[in-house]
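Colleague: next one to model:
(one chain, ligands or ions: 1)
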Amino acid sequence: MGNKWDETNWDFYGCKRSYCLKIGIQSNGSKAAKCPLSNQSKTPEDYRMTRAIRFRKHRYQRKTCHTAGGNPGTSQGSKFGGVGKKSCINQKSSHNTRRFFLKKTMQKTKATLTRNTRLTHNIYELVYTLESPFLQMPIAGQYAMFQLAKGLNRAYSFADFHQNGFTLLIERIPEGKGSPILCDANIGDSFDIMLPLGHFVLQDNTKSKCFIGTGTGLVPLYCQIKNHLQKYANTKICFHFGVRTEDDIFYRDRIGAFTKNPNFKWQIYLSREQKPDYEHGYVTKWITKENVDNFEEFYICGSPEMVSDARKKLQEIGVEKSRVLWEQY
Ligand SMILES: Cc1cc2nc3c(=O)[nH]c(=O)nc-3n(C[C@H](O)[C@H](O)[C@H](O)COP(=O)(O)OP(=O)(O)OC[C@H]3O[C@@H](n4cnc5c(N)ncnc54)[C@H](O)[C@@H]3O)c2cc1C
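Modeller: Below you'll find the predicted structure:
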């Protein structure tokens with residue numbers, strides 16, 4: 001590997017504070033720069049990299065919440081901003097380096113539709129193959145940005161991904177400009193995309209996790225739960241999923257399959273119907289001090305109203321912001 005940074009081999013998934021220390025961005029201002037893999041240091045290239053990281057760190061220090069579809073103050077932000085989604089990751093400085101590298105690994109390519117399945121009256125499962133494989137595999141919770149036309153960019157979270165492709169679950173909004181194009185596409189249709197993007201990512205730790213989602217907010221949460229259980233099957237996980245009616249439920253089998261693991265529990269909430277086997281009401285009714293005390297991390301994704309309500313309730317109960325990750329659309 002010589003004295004150079006071998007970025008292609010970095011384990012970004014595990015880019016934790018210890019890595020940050022190794023590459024010398026700690027607050028004491030040390031200029032030490034070491035490759036976390038080789039432990040070699042002090043090439044001019046290393047120092048340039050260290051300076052770049054420190055610059056990013058200061059720039060992002062106060063911007064932990066942002067409008068997704070673009071990072072604040074970057075060219076990406078001006079080009080793809082304004083999709084109306086917010087996300088937040090609260091583990092501030094320890095993740096600034098990760099943000100920097102996540103952006104560096106973003107790629108532009110084409111995705112070709114290989115399967116289109118209608119799951120419910122308005123949810124479609126779309127499977128795509130990439131023209132060029134992922135340069136860096138996404139982290140569960142990230143999304144792809146589709147460039148459907150000039151000025152028409154739409155973001156969709158990965159439900160699943162592998163080296164050469166990914167699966168999306170899209171709600172077809174009849175009056176929408178973007179979702180009908182994707183849901184009505186034919187097998188073989190290709191789209192310009194940018195990926196992987198986003199900071200609402202699964203944290204690589206063994207903490208007990210609670211996932212709360214409504215509608216297509218299930219998509220990144222499903223991906224996160226699946227990835228987490230594959231790696232840490234012994235962690236306690238719960239998932240609370242809210243929809244309006246029984247007809248709106250999708251991926252019931254997929255999520256039901258997780259219950260083979262006794263550490264996984266889930267519950268569906270119907271807000272506009274009362275039926276046996278389901279909780280009636282909003283998904284946020286689960287958020288009580290008694291329930292919340294059993295979990296260390298919270299992942300929330302769905303409509304802005306639900307996300308805001310859930311965050312407010314957690315805050316009132318006294319859950320620290322650093323334990324709550326959220327994304328709304
Ligand atoms: C990071 C990110 C990840 C996302 N992941 C997914 C995903 O996995 N699956 C998915 O289906 N969507 C996802 N979205 C939402 C998606 O990007 C689009 O906003 C959505 O598909 C609507 O686009 P549209 O062009 O069809 O509608 P637009 O033309 O943007 O809107 C048309 C009308 O529909 C209304 N509308 C917009 N969104 C909704 C909605 N969700 N429900 C009801 N009415 C709505 C608007 O207010 C407007 O009146 C994600 C968004 C972001 C930012």
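Colleague: so where's the chain shaky on pLDDT?
Modeller: For the chain, applying pLDDT under 70 flags the ranges 1-104.
Colleague: burial measure for the closest residue to the ligand within it, as a count.
Modeller: Here the residue of the chain nearest the ligand is residue 176; by CB to the nearest ligand atom that distance is 2.1 Å. Using the backbone N, CA and C atoms, a C-beta is placed for each residue, glycine as well. Around residue 176 there are 14 other residues, counting by other CB atoms under 10 Å.
Colleague: need the phi and psi values for it.
Modeller: Residue 176 adopts backbone torsions of phi -70, psi 150, taken as degrees, to the nearest 10.
Colleague: show me what contacts it?
Modeller: Contacts were defined as CB atoms under 8 Å, 6 or more residues apart in numbering; by that measure residue 176 touches no other residue.
Colleague: same question for residue 113.
Modeller: 126, 127, 128, 185, 186, 187, 188, 189, 190, 191.
Colleague: top of those residues by neighbour count?
Modeller: Each of these was scored for neighbours by other CB under 10 Å, and residue 128 scores highest at 25 neighbours.
Colleague: and that residue, which of the three is it?
Modeller: Three-state assignment for residue 128 (DSSP: H, G, I helix; E, B strand; the rest coil): strand.
Colleague: so it sits against residue 110, correct?
Modeller: No - distance between residue 128 and residue 110: 9.3 Å, which falls outside the contact criterion (CB atoms under 8 Å).
Colleague: quick check: neighbours shared by those two?
Modeller: residue 191.
Colleague: what's in contact with stretch 163-172?
Modeller: Residues outside stretch 163-172 that contact it (CB under 8 Å, 6+ apart): 111, 114, 119, 122-130, 133-134, 137-138, 144, 156-161, 179-180, 182-184, 195, 215-216, 218-219, 250-251.
Colleague: near the ligand too, which of those residues?
Modeller: Near the ligand, judged by CB under 6 Å from any ligand atom, the entries from the contacts of stretch 163-172 are 156, 157, 179, 216, 219.
Colleague: any chance you could map the helices in this structure?
Modeller: For the chain, applying DSSP state H gives helices covering 17-22, 44-60, 75-80, 92-104, 179-183, 218-231, 252-257, 289-292, 304-317.
Colleague: now do the fifth one: everything it contacts.
Modeller: The reference is to helix 179-183. Outside of helix 179-183, the residues that reach it under the criterion CB under 8 Å, 6+ apart are 116, 124, 126, 146, 148, 154, 156, 168, 170-174, 191.
Colleague: those residues: which two are farthest apart?
Modeller: Largest separation among the contacts of helix 179-183 by CB to CB: 174 and 191, giving 20.1 Å.
Colleague: near the ligand, which residues of the stretch 101-250 of the chain? Just list them.
Modeller: For the stretch 101-250 of the chain, the residues in contact with the ligand under the definition CB under 6 Å from any ligand atom are 143, 154-157, 168-171, 173, 175-179, 198, 216, 219.
Colleague: buried subset of those?
Modeller: Using 16 or more other CB atoms under 10 Å as the burial test, these include 143, 154-157, 168-171, 178-179, 198, 216, 219 as buried.
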